[in-house]
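Novice: my questions are about this predicted structure, shown below with the sequence.
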Amino acid sequence: GASRNRFAYNEAGQVRIRAGLPIYECNSRCRCGAECPNRVVQRGIRYDLCIFRTGDGRGWGVRTLQRIRKNSFVMEYVGEIITSEEAERRGQVYDRQGATYLFDLDYVEDVYTVDAAHYGNISHFVNHS
């Protein structure tokens, strides 16, 4: 119902809705099975990815070992879900350390943040620069 009966992905698993809209995947309340084309993130990382040390001193990064088609799901950002107030507190500490792994979950309202500093996956190493 929240997705207005429209799947977020095409048959190849590529996002087909406008950027900025939330994606609602099928779940245990649906009658479809695990192979439903609207269960992309639930299947996890499907690409060969590599963590590497950058040559220009910017730290660690992630690169692909194969071609990734446009609008394809690569990985989800995984971490500890904390309140925005706790994120502000931790953010000040992280700023002094020169690193931060905070991602605001602010689609509807700014209440929660994902902190990948201590819990996470390969997305922790994606470098914005």
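Specialist: Sure, I can see it.

Novice: who does the worst-scoring helix or strand of the chain on mean pLDDT pair up with?
Specialist: Taking mean pLDDT, DSSP states H and E as the measure, strand 102-105 is the helix or strand of the chain with the lowest mean score, a mean of 87. Note on strand 102-105: by DSSP bridges, its sheet partners are strand 112-115 (antiparallel).

Novice: domain ranges for the protein?
Specialist: Here the domain parsing of the chain from the TED database is 1-43, 44-125.

Novice: can you tell me what sits against the least confident helix or strand of the chain?
Specialist: Contacts to strand 102-105, defined as CB atoms under 8 Å, 6 or more residues apart in numbering, come from residues 77, 79, 81, 84, 87, 90-91, 94, 110-116. All C-beta spots, glycine's among them, are computed from the backbone N, C-alpha and C.

Novice: worst mean pLDDT among the domains of the chain?
Specialist: Sorting those by mean pLDDT places domain 1-43 lowest, at a mean of 85.

Novice: all the helices of this protein, residue numbers only.
Specialist: 84-97 (DSSP state H).

Novice: strands of that one, residue ranges please.
Specialist: Counting by DSSP state E, the segments of the chain that form strands are 49-53, 60-64, 80-83, 102-105, 112-115.

Novice: okay, the ones you listed in TSV with mean neighbour count and distance to His124 next?
Specialist: Listed next are these as TSV, based on neighbours: other CB atoms under 10 Å; distance: least, CB to CB, whole Å:
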stretch	mean neighbour count	distance to His124
strand 49-53	12	9
strand 60-64	13	9
strand 80-83	13	12
strand 102-105	15	10
strand 112-115	19	10
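
Novice: make a markdown table out of the ones you listed and add distance to Asn71.
Specialist: Output for the strands of the chain, formatted as a markdown table (distance: least, CB to CB, whole Å):
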| stretch | distance to Asn71 |
| --- | --- |
| strand 49-53 | 18 |
| strand 60-64 | 15 |
| strand 80-83 | 26 |
| strand 102-105 | 20 |
| strand 112-115 | 22 |
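
Novice: nearest to Gln14, out of the ones you listed?
Specialist: strand 60-64 (15.6 Å; CB to CB).

Novice: alright, that wraps it up for me.
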